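Enquirer: Below is the sequence, then the predicted model.
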Amino acid sequence: MLPRGLLISAPASGTGKTTLTLGLLAALRARGMAVQPFKSGPDYIDPAFHTAAAGRVSVNLDGWAMGPVLLDALVGVAEGADLIVAEGAMGLFDGVAKAGATGTGASADIAARMGWPVVLVLDVGGQAQSAAAVAHGFATLRADVAVAGVVLNKVASARHEALVRDGMDRAGIRVFGALPKQPDLALPERHLGLVQAEEMAGLSDFMARAGAFVAGHVDLDAVIAAAGETRGAGAAVAVVPPAERIALARDAAFSFIYPHLVDAWRRAGATILPFSPLADEAPDDSAGACWLPGGYPELHAGRLAGAGRFREGLRRFAETRPVHGECGGYMAMGAGLVAADGTRHEMAGLLGLETSFAKRRMHLGYRLAETLVPVAGQAAGARLRGHEFHYATIVAQPDALLARVVDATGAEVAETGSHRAFAGGGRATGTFFHLIAEAT
């Protein structure tokens with residue numbers, strides 16, 4: 001039987017969702033509760049922080065990319081936990097205009113499907129009773145989304161809190177707690193979001209402080225009682241892994257891969273063989289396929305260029321077996337990468353791709369791709385759903401196109417990915433989008 005759950009959301013990004021979520025996870029864990037975290041939407045960084053706070057691996061749930069069967073199956077990882085705490089993305093109702101596999105990608109779609117009431121985080125800086133109008137609007141916009149109450153953030157004083165609570169009382173909105181400004185609980189950021197959890201010094205201390213902070217200002221018992229019965233938990237979705245043994249790049253430069261994919265490969269019988277390009281390690285020669293996830297190769301381009309064993313080992317591997325790269329991994333498979341300071345660094349050279357961060361341009365959004373050739377584990381003609389988020393510019397892409405790619409509106413996307421076949425039977429493939437699920 002699955003535990004009850006709730007979803008932490010807000011009117012917009014930057015209002016304190018992650019801080020509250022981490023604080024709740026840490027505080028409830030300190031009570032001895034087993035809390036299963038989830039993240040709504042295509043995010044790699046928040047789930048790693050969730051995992052550190054809860055001690056259980058956080059899993060992404062995405063209404064645009066994932067079909068109902070997959071969503072229901074993924075919720076099953078919460079079996080045995082005492083409570084589910086999911087964190088939303090952006091604002092509660094923010095998504096794309098055209099629905100995908102299950103919804104628009106909005107956190108509200110996940111809350112409605114799973115039966116999870118919403119705890120709304122409100123940044124009340126510069127507001128008093130007017131904040132209640134925002135809360136009331138969110139509570140009444142969709143009949144299938146229940147707002148259990150709010151947590152007030154950036155409360156300036158006891159008087160300020162009393163005024164905001166007065167407005168909430170009049171609107172019939174429950175207040176679970178009020179968080180004063182706490183600058184020392186701000187998480188460090190970089191251009192794709194937060195700095196990765198594994199790079200953050202003093203992570204355990206941060207989680208302890210976040211847990212104590214939330215426990216001291218939020219009624220935890222009331223939050224627990226507000227959780228709703230969880231729907232879903234169907235049978236696991238079968239996938240075909242890229243090979244029986246998969247060499248998976250894993251370090252600070254290559255860490256963006258969805259946990260549900262790796263878990264599905266393992267459940268299908270695959271063995272994962274991690275290796276670190278930054279430590280100049282080559283993929284395990286016993287593997288049948290190699291996967292280079294996304295991450296931050298642009299921050300480590302000099303080290304990657306100097307990692308001779310990694311580059312030569314990857315080239316030898318690709319001669320006879322498939323190598324696939326996503327976003328940062330794709331760039332590392334290319335001929336060269338120009339860093340933000342204008343310096344060009346030689347990459348592995350499996351593909352002719354040249355990318356540059358000298359002139360940053362954001363590429364962001366859902367992607368639906370139809371492959372033109374086989375892509376590690378998928379036959380030609382496979383329809384794949386994913387997400388793209390990077391600041392690189394393509395300088396050259398001389399190889400054959402990998403897929404026909406459109407965005408969530410159906411508009412064609414120029415970043416098609418590319419591929420190159422080798423005489424020994426291997427193939428290098430790469431995309432700028434990260435695979436989330438097969439399209440159903």
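Expert: That came through fine.

Enquirer: Pull the number of nearby residues for Gly381.
Expert: 11 (other CB atoms under 10 Å). Any C-beta I mention is one placed from the backbone N, CA and C, and that applies to glycine too.

Enquirer: Which helix or strand contains the nearest residue to Pro283 once chain neighbours are set aside?
Expert: Leaving aside its sequence neighbours, Pro283 sits nearest to Ala247 (CB to CB, 6 or more residues apart in numbering; 3.4 Å). Ala247 belongs to strand 245-249 when assigned by DSSP states H and E.

Enquirer: for that strand, what is the average pLDDT?
Expert: Averaged across strand 245-249, the pLDDT comes to 98.

Enquirer: Which secondary structure elements does it sit against?
Expert: Packing partners of strand 245-249 (3 or more CB pairs under 8 Å, 6 or more residues apart in numbering; DSSP states H and E): strand 271-275, strand 289-292.

Enquirer: Send me stretch 133-145 as CSV with only the CA atoms.
Expert: Output of stretch 133-145 as CSV, limited to C-alpha atoms (Å, rounded to 0.1, in the frame of the first residue of the first chain):
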residue,chain,number,x,y,z
ALA,A,133,-6.1,37.0,-2.9
VAL,A,134,-3.2,35.1,-4.6
ALA,A,135,-3.8,32.1,-2.4
HIS,A,136,-7.6,32.2,-3.0
GLY,A,137,-7.0,32.3,-6.8
PHE,A,138,-4.8,29.3,-6.7
ALA,A,139,-7.2,27.4,-4.5
THR,A,140,-10.2,27.9,-6.8
LEU,A,141,-8.7,27.8,-10.3
ARG,A,142,-9.0,24.1,-10.8
ALA,A,143,-11.6,21.9,-9.1
ASP,A,144,-9.4,18.8,-9.4
VAL,A,145,-6.5,20.4,-7.6
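
Enquirer: returning to what we had before: pick the most deeply packed of the helices and strands packed on strand 245-249.
Expert: strand 289-292 (a mean of 28; mean count of other CB atoms under 10 Å).

Enquirer: Nearest residue to the spatially most central residue of the chain in space, please, no chain neighbours.
Expert: Among the residues of the chain, Asp43 comes closest to the average C-alpha position under CA atoms, centre = their mean, at 1.6 Å. Nearest non-adjacent residue to Asp43, counting by CB to CB, 6+ apart: Ala89, 6.2 Å away.

Enquirer: In this structure the one you found contacts Lys39, no?
Expert: Yes. Counting by CB atoms under 8 Å, Lys39 is a contact partner of Ala89 at 7.3 Å.

Enquirer: Neighbour count: the two, which is higher?
Expert: Set side by side, Ala89 and Lys39 show more neighbours around Lys39, with 28 against 23, by other CB under 10 Å.

Enquirer: Look up which residues are beta-bridged to the more buried one.
Expert: Asn60, Glu87 (DSSP bridges).

Enquirer: Give me the pLDDT value at it.
Expert: pLDDT, Lys39: 98.

Enquirer: and if you look at Arg361?
Expert: Looking at Arg361, the pLDDT reads 89.

Enquirer: Same check on His191?
Expert: 61.

Enquirer: ditto for Met66
Expert: 96.

Enquirer: Just give the closest residue to it, not the sequence neighbours.
Expert: Nearest non-adjacent residue to Met66 (CB to CB, 6+ apart): Ala437, at 5.1 Å.

Enquirer: And that neighbour, how far from Leu261?
Expert: 9 Å (CB to CB, to the nearest Å).

Enquirer: check contacts around the residue lying closest to Pro374 once chain neighbours are set aside.
Expert: Setting aside the residues directly before and after it, Pro374 is nearest to Ala380 in space (CB to CB, 6+ apart), at 5.4 Å. Ala380 is in contact with 371-374, counting by CB atoms under 8 Å, 6 or more residues apart in numbering.

Enquirer: buried subset of those residues?
Expert: 371-373 (16 or more other CB atoms under 10 Å).

Enquirer: Go through the residues you listed and name the one nearest Phe317.
Expert: Val373 (18.3 Å; CB to CB).

Enquirer: about what we covered before: phi and psi next, for the residue nearest to the centre of the chain.
Expert: phi -130, psi 130 (degrees, to the nearest 10).

Enquirer: Arg174 now?
Expert: According to degrees, to the nearest 10, Arg174 has phi -80, psi 140.

Enquirer: ok, it touching Ala146?
Expert: No. With contacts counted by CB under 8 Å, Arg174 stays clear of Ala146, the gap being 11.5 Å.

Enquirer: which residue sits closest to Ala226 in space, ignoring its chain neighbours?
Expert: Ala148 (4.0 Å).

Enquirer: repeat for Ala26
Expert: Gly211 (3.0 Å).

Enquirer: From the contact counts, what lies against the helix or strand harbouring the one you found?
Expert: Assigned by DSSP H and E, Gly211 belongs to helix 203-217. With contacts defined as 3+ CB pairs under 8 Å, 6+ apart, the packing partners of helix 203-217 are helix 17-30, helix 45-54, strand 175-180.

Enquirer: Packing partners of the second one?
Expert: Pointing back at helix 45-54 there. Using 3+ CB pairs under 8 Å, 6+ apart, the elements in contact with helix 45-54 are helix 17-30, strand 35-40, strand 83-87, strand 193-194, helix 203-217.

Enquirer: one more time with 7 Å, if that's ok
Expert: The contact analysis (3 or more CB pairs under 7 Å, 6 or more residues apart in numbering; DSSP states H and E) places helix 45-54 against helix 17-30, strand 35-40, helix 203-217.

Enquirer: surely Ala222 meets Phe176?
Expert: Yes. Contact status for Ala222 versus Phe176: in contact at 5.6 Å, counting by CB atoms under 7 Å.

Enquirer: Test my guess that Arg321 contacts Ser286.
Expert: No. Look at Arg321 against Ser286 with CB under 7 Å: they stay out of range, at 10.7 Å.

Enquirer: and these two? which has more neighbours close in?
Expert: Between Arg321 and Ser286, counted using other CB under 10 Å, the more crowded position is Arg321 (22 against 10).

Enquirer: ok, and the closest non-adjacent residue to Gly334?
Expert: Leu353 (3.2 Å).

Enquirer: show me what contacts the one you found?
Expert: 330-331, 334-335, 397, 418, 430 (CB atoms under 7 Å, 6 or more residues apart in numbering).

Enquirer: which of the residues you listed count as buried?
Expert: 330-331, 334-335, 397, 418, 430.

Enquirer: Columns pLDDT and secondary structure on top of those residues, output as TSV?
Expert: TSV is the format used below for the buried ones among the contacts of Leu353 (pLDDT from 0 to 100; DSSP: H, G, I helix; E, B strand; the rest coil):
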residue	pLDDT	secondary structure
Tyr330	98	helix
Met331	98	helix
Gly334	98	coil
Ala335	98	coil
Gln397	97	coil
Ser418	98	strand
Gly430	98	strand
